[in-house]
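[1] fold the following.
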Amino acid sequence: MPFLLVRELWMRPDHFGLLVMSLILSITAGHFLLRLLAKKRFTARGFSS
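    Numbers count the residues shown, from 1 in each chain. Next up is the predicted model:
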């Protein structure tokens, strides 16, 4: 039992790091997609040459 507890505590920071990484990746991907959509809208409206 103690070994499993230690293993859980050892794995937890890893999962936390992965969670943070996935959060950052999803946020950056969202901003990138929003920028692409904005660019498409502007070109469609004729704001950009």
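[2] switch to C-alpha atoms for all contacts and neighbour counts from now on
    Noted.
[3] how far away is Tyr33 from Val6?
    Check again: residue 33 is Leu, not Tyr. Using C-alpha to C-alpha, to the nearest Å, one obtains 41 Å as the distance from Leu33 to Val6.
[4] give me the distance between the helix or strand hosting Arg41 and the centre of its chain.
    Using DSSP states H and E, Arg41 sits in helix 2-45. Centroid separation for helix 2-45 versus its chain: 2 Å, with C-alpha atoms, centre = their mean, to the nearest Å.
[5] swap in stretch 27-46?
    17 Å.
[6] going forward, the N-terminal residue is numbered 58.
    Got it, first residue is 58 now, which makes that one stretch 84-103.
[7] could you export it as PDB, keeping only the C-alpha atoms?
    Extracted as PDB, the C-alpha positions of stretch 84-103 are listed here (Å, rounded to 0.1, in the frame of the first residue of the first chain):
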ATOM      1  CA  ILE A  84      -5.500  28.600 -25.300                       C
ATOM      2  CA  THR A  85      -2.800  29.400 -27.900                       C
ATOM      3  CA  ALA A  86      -4.600  27.300 -30.500                       C
ATOM      4  CA  GLY A  87      -7.900  29.200 -29.700                       C
ATOM      5  CA  HIS A  88      -6.200  32.600 -30.200                       C
ATOM      6  CA  PHE A  89      -4.600  31.400 -33.400                       C
ATOM      7  CA  LEU A  90      -7.900  30.200 -34.800                       C
ATOM      8  CA  LEU A  91      -9.600  33.500 -33.700                       C
ATOM      9  CA  ARG A  92      -6.900  35.400 -35.600                       C
ATOM     10  CA  LEU A  93      -7.400  33.300 -38.700                       C
ATOM     11  CA  LEU A  94     -11.200  33.900 -38.500                       C
ATOM     12  CA  ALA A  95     -10.700  37.600 -38.000                       C
ATOM     13  CA  LYS A  96      -8.300  37.700 -41.000                       C
ATOM     14  CA  LYS A  97     -10.800  35.900 -43.200                       C
ATOM     15  CA  ARG A  98     -13.600  38.200 -42.100                       C
ATOM     16  CA  PHE A  99     -11.500  41.300 -42.800                       C
ATOM     17  CA  THR A 100     -10.500  40.100 -46.300                       C
ATOM     18  CA  ALA A 101     -14.100  39.100 -47.000                       C
ATOM     19  CA  ARG A 102     -15.300  42.600 -46.100                       C
ATOM     20  CA  GLY A 103     -12.500  44.200 -48.100                       C
END
